[in-house]
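J.: 3D model of this:
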Amino acid sequence: QAQLAESGGGLVQPGGSLRLSCAASGFSLETYAIGWFHQAPGEVREGVSCMFSDGSPYYVDSVKGRFTISRDNAKNAVYLQMNSLKPEDTGVYYCAAVMKRVCEGPYAYWGQGTQVTVSS
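T.: I've put the predicted structure just below:
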């Protein structure tokens, strides 16, 4: 069964770092664009970063310079390194896969999400 699974969330102080993982099983991520999405409490889910299928990264302005997306084809996983975290980064982070060059829906697969809480 093809699926995505996120991990790596947790509680961190402002200015801290976390590394989120998005592991695929049942299919290869290599030909997919992989998006990371953030859903803050009470808000809609929004895209924050994308790994295009050709390996190029994309970031929204609010995370540029703080977040880094990467892919490990051998491990069939995509990562989101989050540095200089802010309280507004709090929320559930999801990864999703679409068999296109860029991150645009509809996505074929979604993970279950991982909670990130940035608080002192």
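J.: Quick check: closest non-adjacent residue to the residue positioned nearest the centre of the chain.
T.: Centroid-nearest residue in the chain: Trp36, 2.8 Å away (criterion: Cα atoms, centre = their mean). Of all residues not flanking Trp36 in the chain, Ser49 sits nearest, at 4.5 Å (Cβ to Cβ, 6 or more residues apart in numbering). Any C-beta I mention is one placed from the backbone N, CA and C, and that applies to glycine too.
J.: For the one you found, give me its contacts.
T.: Applying Cβ atoms under 8 Å, 6 or more residues apart in numbering, we find Ser49 in contact with Gly35, Trp36, Pro57, Tyr58, Tyr59, Val60, Val63, Phe67, Ile69, Leu80.
J.: What helix or strand is it located in?
T.: Using DSSP states H and E, Ser49 sits within strand 45-51.
J.: What ranges does the protein have for its strands?
T.: 3-7, 10-12, 18-25, 33-39, 45-51, 57-59, 67-72, 77-82, 91-98, 109-110, 114-118 (DSSP state E).
J.: Mind listing the strands the first one pairs with, and their directions?
T.: For strand 3-7, the paired strands and their directions (DSSP bridges) read strand 18-25 (antiparallel).
J.: swap in the last one?
T.: Applying DSSP bridges to the sheet, strand 114-118 is found paired with strand 10-12 (parallel), strand 91-98 (antiparallel).
J.: what's the longest one in contact with?
T.: It refers to strand 91-98. For strand 91-98, contacts defined as Cβ under 8 Å, 6+ apart pick out 4, 6, 9, 20, 22, 24, 27, 29, 32-41, 43, 45, 78, 80, 103-116.
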